[in-house]
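Novice: Attaching a predicted model along with its sequence, questions to come.
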Amino acid sequence: MDADLTLPLSPIMAVEPAWIDYNGHLNMAYYNVFFDRAADAVFEHLGLGPDYVKTRAMSYMTAEIHVCYLREIFLETPVRVRLRVLDVDDKRLHVFSELLHAEEGWVSATSEQMYLHVDMTARRTAPWPLEIRAGFEAMKRAADALPRPERAGRAIGIPRRG
């Protein structure tokens with residue numbers, strides 16, 4: 001994980017052989033594994049790792065996700081994930097991530113996610129602790145300095161012509 005968490009880039013990750021489907025490329029489900037592992041690594045640096053669940057009885061959960069598959073990935077493809085915080089409020093976190101070829105830099109897929117902060121005892125949403133929210137706010141400020149990702153906020157559907 002890069003030391004600068006304001007615009008984090010995950011460590012290089014590898015496609016596992018079992019993740020290749022009958023089309024000879026990475027199965028769609030495993031793109032989410034890369035996005036999930038990258039988010040876990042970033043959030044752990046902010047204090048939201050396994051110890052957070054044990055010591056505070058709080059966690060975060062995905063409420064919604066939208067993946068766009070742009071370019072195939074194969075067994076030997078090294079990948080990284082770049083993550084940006086688009087927005088944060090008392091209980092929610094809106095994130096946009098890109099799965100990148102680690103050497104050539106092209107984008108294979110994007111993932112837009114809405115996370116909820118959850119009290120694990122009550123199993124209900126709860127406010128982020130101030131220090132965690134401050135970390136997300138810093139990440140958001142850094143992302144705000146960049147152009148908004150083209151695929152952020154997309155809806156799925158078949159456009160109809162009148």
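Specialist: It's in.

Novice: ok, which stretches of the protein are helices?
Specialist: With DSSP state H as the criterion, the chain has helices at 28-45, 50-56, 130-144.

Novice: Of those helices, which stretch is the most buried?
Specialist: Sort the helices of the chain by mean neighbour count, taking mean count of other CB atoms under 10 Å, and helix 28-45 sits at the top with a mean of 18. Backbone N, C-alpha and C define where each C-beta goes, glycine included.

Novice: hey, where'd the strands end up in the protein?
Specialist: All strands of the chain, identified by DSSP state E, fall at 13-14, 58-69, 78-88, 92-101, 107-119, 124-125.

Novice: nearest to P159, of these?
Specialist: strand 58-69 (16.1 Å; CB to CB).

Novice: What is the closest one packed up against?
Specialist: helix 28-45, helix 50-56, strand 107-119 (3 or more CB pairs under 8 Å, 6 or more residues apart in numbering; DSSP states H and E).

Novice: With only the CA atoms kept, save stretch 73-88 in CSV.
Specialist: Output in CSV follows, covering the C-alpha atoms of stretch 73-88 (Å, rounded to 0.1, in the frame of the first residue of the first chain):
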residue,chain,number,x,y,z
ILE,A,73,-7.7,-9.7,-17.6
PHE,A,74,-5.9,-13.0,-18.0
LEU,A,75,-3.9,-15.3,-15.8
GLU,A,76,-0.6,-13.5,-16.0
THR,A,77,-2.0,-9.9,-15.7
PRO,A,78,-0.6,-8.0,-12.7
VAL,A,79,-3.2,-5.6,-11.3
ARG,A,80,-3.5,-2.7,-8.8
VAL,A,81,-6.5,-0.8,-7.6
ARG,A,82,-6.7,3.0,-7.3
LEU,A,83,-9.4,4.1,-4.9
ARG,A,84,-11.0,7.6,-4.4
VAL,A,85,-13.4,8.8,-1.9
LEU,A,86,-16.2,10.7,-3.7
ASP,A,87,-18.3,11.5,-0.7
VAL,A,88,-18.7,10.8,3.0
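
Novice: for that stretch, what is the average pLDDT?
Specialist: Across stretch 73-88, pLDDT averages out at 96.

Novice: these two touch, right, W128 and V88?
Specialist: Yes - W128 is in contact with V88 according to CB atoms under 8 Å; the separation is 7.4 Å.
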